[in-house]
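In: predicted model and sequence below, questions to follow.
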Amino acid sequence: MCGIVAYIGTKPARPLLIEGLKRLEYRGYDSAGLAIMNGGLHCARAVGRVSVLENKVDQLGGFDGSLGIAHTRWATHGSVTEANAHPHRDDKSGIAIVHNGIIENYASVRTLLTEKGHRFTSETDTEVLAMLIGELYDPANGFDLERTVQSALREVTGAYAIAVVCEHEPDTLVVARKGSPLMVGIGSGEYIVASDPSAIVAHTTQAFPLDDYNVVKLSRDGFRTSTVDNLPITPKVTQLELELEEIELGGYEHYMRKEIFEQPNALRNCFRGRLDHKEGKVVLGGLQAYAPQLVRSRRIILTAQGTALHAAMIGEYLLEELAKIPSEVEYASEFRYRNPIIEDGTVVVAVSQSGETADTLAALHEAKDRGALALGVINAVGSTISRETHAGVYLRVGPEIGVASTKAFTGQVAVLTMMTLFLARRRFMSTEASARLMIELDAIPEKMDRVLEQDAFIKSVTEKYIHRENWLFLGRGYNYPTAMEGALKLKEISYIHAEGMPAAEMKHGPIALIDEGMPVVFIANKGPQYDKVMSNIEEVRSRGGHVIAVATEGDQAIKHVAEDVLYVPEVADPLSPLLTVVPLQLMAYHAAVLRGHDVDKPRNLAKSVTVE
Ligand code: G6P
């Protein structure tokens, strides 16, 4: 959600900022802008993609400095217009700012500033912050850009990652963070600041993340890190592990497609070194120190949003069935605001691809405040949630760029399965039972390859229903969350209305929607509830619905009741979502492409939602 990139060094800033914005475009893409110091500040903004901005800047000319800030926007305050795009400027002190997050008390600050004579040109909270910094800027009295930014930030509430420049200090860049991610990449004689490492890694692998309330003043000779209260702090510089190839398309048409096809290898990485077949034990270094406490846990609350929540729902079933620990799943946004009960022995697990989702982060804070042991199941290494949990497990599936989450989902399910076995084996599960599931787990990547081989067939099935505006996705047990995920994928990128639910729930209302030819996707793998699912299929057929079944290889009976069958290899029921979700991902992908949509940048969505 909104991408920031800023540069100070000796190279031309413009191509660097544009390239950085393109890498961050998945975070937000309704408008973009940049400001470059060249004599004065040269500023350009444009509605639409980064390429529109790039053309505009090329035509305007003059953007030739080596200090600049840039932004790609996902609208929160104010509609998508050029006036609301960043950078925002003040009307007094030559300030320009880019911002990710929400200034919650912007209305009262705006009123105060209006009384002082400032005139606003946008509807945004960010312009209010620009004006506030401009109003307080007073270098003659010690309020240079760094001090002024610190003072201004003490006046505001909400979330921010900002990069600020000032015409009167043409060799200074000030950046700060609270709530929204930001990191500083350290090159030789240059710094590149960005919302995530994908905009940094092409230039340097030395970087440090900002913590909440950190302010960094950067010049070409060095940097100074402090808190908003001006207390000096020492940043923890680390090596970025991201490889450039991981964030490139590498011959694929879309990131989503690339990431769907990466899943077998992503899971191989996820499992590597973690499955000790001999002992029938899962080895999770990140949890080891907490193992005794975890084994004794009395209740596990998994909290997440979006796709991660669907993975968490599968985690709940796994933990209860295999580890016999009472578990529940809750939307992080709900958990945070409803006075949740945390007792002795409650463990809260935050599941998040980005590790930056504001709702999930807020739930984590709530859980910690109430004394829970907080774990993370996170993909983005070094992200805020991963830093703030007591312990956790990384997915190790590589960066996910496509806005519609795919490999992170299977990675989350895989990690939750391993966490379950980690606990189950230490509680009641026998070595043999655990070893059996581990062998099955290990075989998943190869089975996934077999599902992916059916890509062309899955496309041809999707094509048959492409003009239908309403779809249902139904499943039971472990595949009820898979059905929800299948529906979410379809609506996110193809804008087709889809609902996912437990198959039995259909007859309690949604069955009214079924009419002649309505596509109804059933996850009908051979599991304990297969017969029940078959009955639900009949209920749909008798009302004219068209059944598309995801079924287990070798199941001939399903062919008599389903119009189309997408087969997946046989697998133990608790692991089945790792395979059954793949055809659903591919269906959604093809539906979106066939309808002519931009798969990687679906309308209104953002990859990482850093506002509550
Ligand atoms: C956004 C994305 C979803 C994602 C959700 C949670 O809504 O569009 O794809 O599932 O956030 O993201 P997280 O990074 O916490 O997994």
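Out: Arrived safely.
In: who are the packing partners of the helix or strand hosting residue 127?
Out: With the criterion set as DSSP states H and E, the secondary-structure element containing residue 127 is helix 125-136. Helices and strands touching helix 125-136, by 3 or more Cβ pairs under 8 Å, 6 or more residues apart in numbering; DSSP states H and E, are strand 88-89, strand 95-100, helix 106-115, helix 145-155, strand 160-166. Any C-beta I mention is one placed from the backbone N, CA and C, and that applies to glycine too.
In: so what touches it?
Out: Judged by Cβ atoms under 8 Å, 6 or more residues apart in numbering, the contacts made with helix 125-136 from elsewhere in the structure are 76-77, 86, 88-99, 102-103, 106, 109-110, 113, 116, 118, 120-121, 143, 148-149, 151-152, 155-156, 158, 160, 162, 164.
In: can you do 7 Å?
Out: Outside helix 125-136, the residues within contact range by Cβ atoms under 7 Å, 6 or more residues apart in numbering are 77, 86, 88-93, 95, 97, 99, 102-103, 106, 109-110, 113, 116, 118, 120-121, 143, 148-149, 151-152, 155-156, 164.
In: now, of these, which are buried?
Out: Neighbour counting over the contacts of helix 125-136 (16 or more other Cβ atoms under 10 Å) leaves 77, 86, 88-91, 93, 95, 97, 99, 102-103, 106, 109-110, 113, 118, 120, 143, 148-149, 151-152, 155-156, 164 as the buried ones.
In: after the longest helix along the chain, next one along is what?
Out: Under DSSP state H, the helix in the chain containing the largest number of residues is helix 431-452. Sequence-wise, the next helix or strand beyond helix 431-452 is helix 455-464, with elements assigned using DSSP H and E.
In: what angle do that next one and helix 431-452 make?
Out: Using axes from the mean of the first three to the mean of the last three Cα atoms, to 10 degrees, the direction of helix 455-464 lies 70 degrees away from that of helix 431-452.
In: helices or strands next to helix 455-464 in the packing?
Out: Where contact means 3 or more Cβ pairs under 7 Å, 6 or more residues apart in numbering; DSSP states H and E, helix 455-464 is packed against strand 564-568, helix 577-594.
In: what's the closest of these to residue 370?
Out: The minimum distance between residue 370 and the helices and strands packed on helix 455-464 falls on helix 577-594, with 30.7 Å, by Cβ to Cβ.
In: counting neighbours, what do you get for the residue of the chain found nearest the ligand?
Out: Taking Cβ to the nearest ligand atom as the measure, the point where the chain comes nearest the ligand is residue 306, at 2.7 Å. By the criterion of other Cβ atoms under 10 Å, residue 306 has 23 neighbours.
In: residues in contact with it?
Out: So, once contact is read as Cβ under 7 Å, 6+ apart, residue 306 ends up touching nothing.
In: could you redo the last one with a cut-off of 10 Å?
Out: Shown here is residue 306, whose contacts under the criterion Cβ atoms under 10 Å, 6 or more residues apart in numbering are 331-332, 351-353, 357, 359-360, 404-405, 409, 485, 488, 492, 605, 609.
In: of those, list those near the ligand.
Out: Of the entries in these, the ones placed beside the ligand under the rule of Cβ under 6 Å from any ligand atom are 352-353, 357, 360, 405, 605, 609.
In: OK, contacts around the residue of the chain most remote from its centre?
Out: Using Cα atoms, centre = their mean, the residue of the chain lying farthest from its centre is residue 140. It sits 43.9 Å away. Residue 140 makes contact with no residue under the criterion Cβ under 10 Å, 6+ apart.
In: quick check, it in a helix?
Out: Yes. The secondary structure assignment for residue 140 places it in a helix, going by DSSP: H, G, I helix; E, B strand; the rest coil.
In: residue numbering should commence at 19 henceforth.
Out: With 19 as the first residue, the last one maps to residue 158.
In: pLDDT score for it?
Out: Taken from the predicted model, the pLDDT recorded for residue 158 is 97.
In: kindly indicate which of the ones next to the ligand among the contacts of residue 324 lies nearest residue 223.
Out: residue 371 (21.8 Å).
In: what sits against the nearest residue in space to the closest one that is not next to it in sequence?
Out: Leaving aside its sequence neighbours, residue 371 sits nearest to residue 426 (Cβ to Cβ, 6 or more residues apart in numbering; 3.8 Å). By Cβ under 10 Å, 6+ apart, the residues touching residue 426 are 277, 281, 284, 325-326, 329, 369-372, 395-398, 413, 415-418, 420.
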